[in-house]
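S.K.: Here is a sequence with its predicted model. Questions after.
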Protein chains: 2
Amino acid sequence: MTELVLLGSGNVATHLFKAFLGSKNVRVKQVYNHRKESLSFFQDKCETTTSISDILEADVYVIALKDDVISQTAEALRNKDGLIVHTSGTAGLDALVFSKRKGVFYPLQTFSRSKEVNYCEIPFCLEANSSQDMDLLKQLAKEISGKHYEITSEQRRKIHLAAVFVCNFVNYMYTIGETICEQNGIPFEIFQPLIKETALKVQHTAPSKVQTGPAIRQDQKTINAHLEQLQSAENKQIYQLMTDAIQNFHGKKL
Amino acid sequence: MTELVLLGSGNVATHLFKAFLGSKNVRVKQVYNHRKESLSFFQDKCETTTSISDILEADVYVIALKDDVISQTAEALRNKDGLIVHTSGTAGLDALVFSKRKGVFYPLQTFSRSKEVNYCEIPFCLEANSSQDMDLLKQLAKEISGKHYEITSEQRRKIHLAAVFVCNFVNYMYTIGETICEQNGIPFEIFQPLIKETALKVQHTAPSKVQTGPAIRQDQKTINAHLEQLQSAENKQIYQLMTDAIQNFHGKKL
């Protein structure tokens, strides 16, 4: 049985905790957070503490806290023998400067507190400073997920950057659609199948191979009509920039 | 039995044809296209013709051709008694200027020739110039889809515009992710669960309610780090514009 201490009580910590509840070989022994009120969810499920000096001995310490407190938290655990990992997309392995055994256990997913996620489908980006500890992290990932990847700190930073495009900016494109619907008395649900299909298409095919729309068709008449219809100067700018980008990208390849 | 003539042999025509194959109450009687070689898929399945003067009598004529030939095709059918509809997102009902009975039967979906689509999930935007013909279009839509909406020509143009954002531009955001992966030796499949989850989130919640990422968190440190990492000037510009737009949109609401 691998024993874990979880430091943090935000979305990542909560989802990890729930996922490990279903595991036979890994047990979350204790959850730490400096604010007592943040621990209420965990209180009847395992030991909790608000004091970092009361942290128990464990095989792995998972720091699922904000990037800017990772180093100081790891420093407070400097005398522990277990493996210290953080779950950040941007902090390097070297953020754990005082730890002898260090690693990264980064789940690449968008977490909402309210919505359960299917952990089997979450890829874990793993990094460690020894092959034994990499094996330990793989074992942890396997307990709760179908997928894991060995990813360097540099690659992980690029993944975090790309995730902003494929998740955060995509969601804002959906939001522009929502706004256009609101302004024209159209129910947004009309777009739900299109949104789903657009995402499902790239589950098996590279997005660059399935680009559609007026930009790639060089359909300037439609592009002009769309630009004219857009009321917001900002949305016009987004439309023009994305259209140019699609044409530049696919022009280069033709 | 409602009898249909389909004019066109592109993605929309082909997918509609396949969908109606499974219907008990609607039969595609004939497929027209001016190029014989485009009709090969249909030839052993129903009557076909390359001559518009040989078009048979039917209850509904579905013009699934390019926008700029809709009017002239409808004109060639001016003596038909059946309902004439087109399937365009942008052409108005008035594109069918010579038709007595006219309508629009616009499936809101992204079609690839290679990938089958689940028609039950495709919303149809319907328009007609009489309530009887609207009922006829509703009956057609019900045969192959779970959803249909009465949508005016003006609303349909806005839907077509919004679809560029939620589908075409979204796919280009995925493409930027793909490029970053290629440049850094990261398998793109690592993003597939995130892409799927981002799309599934807005199946039940408005996108404006589930925005995440450095822009909405006002996390300027991460934003700067990301801008610095981006090699392409164009991608930098997209990152900055989308970040500003997210902050403007959510700033207004806060």
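M.R.: Nice, thanks for sending it over. Predicted model only: the values in this text are computed from it and were never measured.

S.K.: show me what contacts residue A:60?
M.R.: Counting by C-beta atoms under 8 Å, 6 or more residues apart in numbering or on different chains, residue A:60 touches A:2-5, A:82-85, A:136, A:140. Quick note: C-beta positions are derived from backbone N, CA and C, even for glycine.

S.K.: Throw together a ChimeraX command that grabs the buried residues out of those.
M.R.: Burial among the contacts of residue A:60 is assessed by 16 or more other C-beta atoms under 10 Å in any protein chain shown; the matching ChimeraX selection reads:
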select /A:2,4,5,82,83,84,85,136,140
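
S.K.: Just the ones of the contacts of residue A:60 in helices?
M.R.: Residues of those located in helices (DSSP state H): A:136, A:140.

S.K.: Need the contacts of residue A:60 in a markdown table (columns: distance to residue B:204 and pLDDT).
M.R.: Formatted as a markdown table, the contacts of residue A:60 follow (distance: C-beta to C-beta, whole Å; pLDDT from 0 to 100):
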| residue | distance to residue B:204 | pLDDT |
| --- | --- | --- |
| A:2 | 36 | 96 |
| A:3 | 37 | 97 |
| A:4 | 32 | 98 |
| A:5 | 35 | 98 |
| A:82 | 40 | 97 |
| A:83 | 38 | 98 |
| A:84 | 38 | 98 |
| A:85 | 33 | 98 |
| A:136 | 37 | 97 |
| A:140 | 31 | 96 |
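
S.K.: Tell me the one of the contacts of residue A:60 nearest residue B:29?
M.R.: Closest approach between those and residue B:29, by C-beta to C-beta: residue A:140, at 61.6 Å.

S.K.: isn't that closest one right next to residue A:6, touching?
M.R.: No: Residue A:140 is beyond contact range of residue A:6, at 11.9 Å (criterion: C-beta atoms under 8 Å).

S.K.: returning to that earlier point: if we only consider the contacts of residue A:60, which is nearest to residue B:216?
M.R.: residue A:85 (27.0 Å).

S.K.: ok, now which ones touch that closest one?
M.R.: Shown in contact with residue A:85 (C-beta under 8 Å, 6+ apart): A:60-63, A:96, A:102-105, A:128, A:137.

S.K.: Looking at the residues you listed, which one is closest to residue B:234?
M.R.: residue A:104 (30.6 Å).

S.K.: Which of the three states applies to residue A:154?
M.R.: Following DSSP: H, G, I helix; E, B strand; the rest coil, the label given to residue A:154 is helix.

S.K.: List the contacts of the closest residue to it other than its chain neighbours.
M.R.: By the measure of C-beta to C-beta, 6 or more residues apart in numbering or on different chains, the closest residue to residue A:154 outside its immediate chain neighbours is residue B:184, 7.6 Å from it. Residues in contact with residue B:184, defined by C-beta under 8 Å, 6+ apart, are A:154-155, A:158.

S.K.: if we can go back for a sec, between the contacts of residue A:85, which sits nearest residue B:218?
M.R.: Once C-beta to C-beta is applied, the member of those that ends up nearest residue B:218 is residue A:63, at 23.3 Å.

S.K.: just checking, residue A:103 touches residue A:131?
M.R.: No: if you go by C-beta under 8 Å, residue A:103 and residue A:131 don't touch, sitting 11.3 Å apart.

S.K.: Strands - which of the contacts of residue A:60 land there?
M.R.: Of these, the ones assigned to strands by DSSP state E are A:2-5, A:83-85.

S.K.: Closest one of the contacts of residue A:60 to residue B:224?
M.R.: Comparing the contacts of residue A:60 against residue B:224 with C-beta to C-beta picks out residue A:85 as the nearest, at 26.0 Å.

S.K.: Tell me which stretches of the stretch 1-150 of chain A form strands.
M.R.: Residue ranges of the strands in the stretch 1-150 of chain A, as given by DSSP state E, counting those that start in this stretch, are A:2-7, A:26-32, A:47-49, A:60-63, A:83-86, A:102-107, A:123-128, A:147-150.

S.K.: in its sheet, what does the shortest one sit against?
M.R.: Read that as strand A:47-49. strand A:26-32 (parallel) (DSSP bridges).

S.K.: On the three-state scheme, the residue lying farthest from the centre of chain A is what?
M.R.: Here the centre of chain A is the reference, and by C-alpha atoms, centre = their mean the most remote residue is residue A:221, at 39.2 Å. Put simply, residue A:221 is helix when judged by three-state DSSP.

S.K.: Could you check how far it is from residue A:233?
M.R.: According to C-beta to C-beta, to the nearest Å, residue A:221 and residue A:233 sit 22 Å apart.

S.K.: swap in residue A:101?
M.R.: Counting by C-beta to C-beta, the gap from residue A:101 to residue A:233 is 54 Å.

S.K.: more neighbours, those two?
M.R.: Between residue A:101 and residue A:233, counted using other C-beta atoms under 10 Å in any protein chain shown, the more crowded position is residue A:101 (19 against 8).

S.K.: pretty sure the more buried one is touching residue A:133, no?
M.R.: Yes: using C-beta under 8 Å, residue A:101 is in contact with residue A:133, at 5.5 Å.

S.K.: shared neighbours, these two?
M.R.: Contacts common to residue A:101 and residue A:133, judged by C-beta under 8 Å, 6+ apart, are residue A:83.

S.K.: how about the helix or strand encompassing residue A:171: buried residues?
M.R.: Per DSSP states H and E: residue A:171 is located in helix A:170-183. For helix A:170-183, the neighbour count (16+ other C-beta under 10 Å) marks A:170-181 as buried.

S.K.: Could you find the closest non-adjacent residue to residue A:138?
M.R.: Closest residue to residue A:138 apart from its sequence neighbours, by C-beta to C-beta, 6+ apart: residue A:148 at 5.9 Å.

S.K.: so that neighbour bridges to which residues?
M.R.: Those that pair with residue A:148 in a beta bridge, by DSSP bridges, are residue A:124.

S.K.: outside of stretch A:31-42, which residues touch it?
M.R.: A:5-9, A:13-14, A:17, A:46-50, A:52, A:55.

S.K.: tell me the two of the residues you listed that are most distant?
M.R.: A:14 and A:52 (19.4 Å).

S.K.: quick one, which of the two is more surrounded?
M.R.: Remark: of residue A:14 and residue A:52, residue A:14 carries more neighbours, 19 against 14, as counted by other C-beta under 10 Å.

S.K.: Helices of the stretch 151-254 of chain A, residue ranges please.
M.R.: Under the criterion DSSP state H, counting those that start in this stretch, the stretch 151-254 of chain A contains helices at A:153-163, A:170-183, A:192-201, A:220-229, A:233-253.

S.K.: Summarise which helices and strands the longest one is packed against.
M.R.: Spelled out, it's helix A:233-253. Here helix A:233-253 touches helix A:220-229, helix B:170-183, helix B:233-253, going by 3 or more C-beta pairs under 8 Å, 6 or more residues apart in numbering or on different chains; DSSP states H and E.

S.K.: How about the shortest one, which residues are buried there?
M.R.: Taking 16+ other C-beta under 10 Å as the neighbour-count basis, helix A:220-229 is seen to contain the buried residues A:222-223, A:226, A:229.
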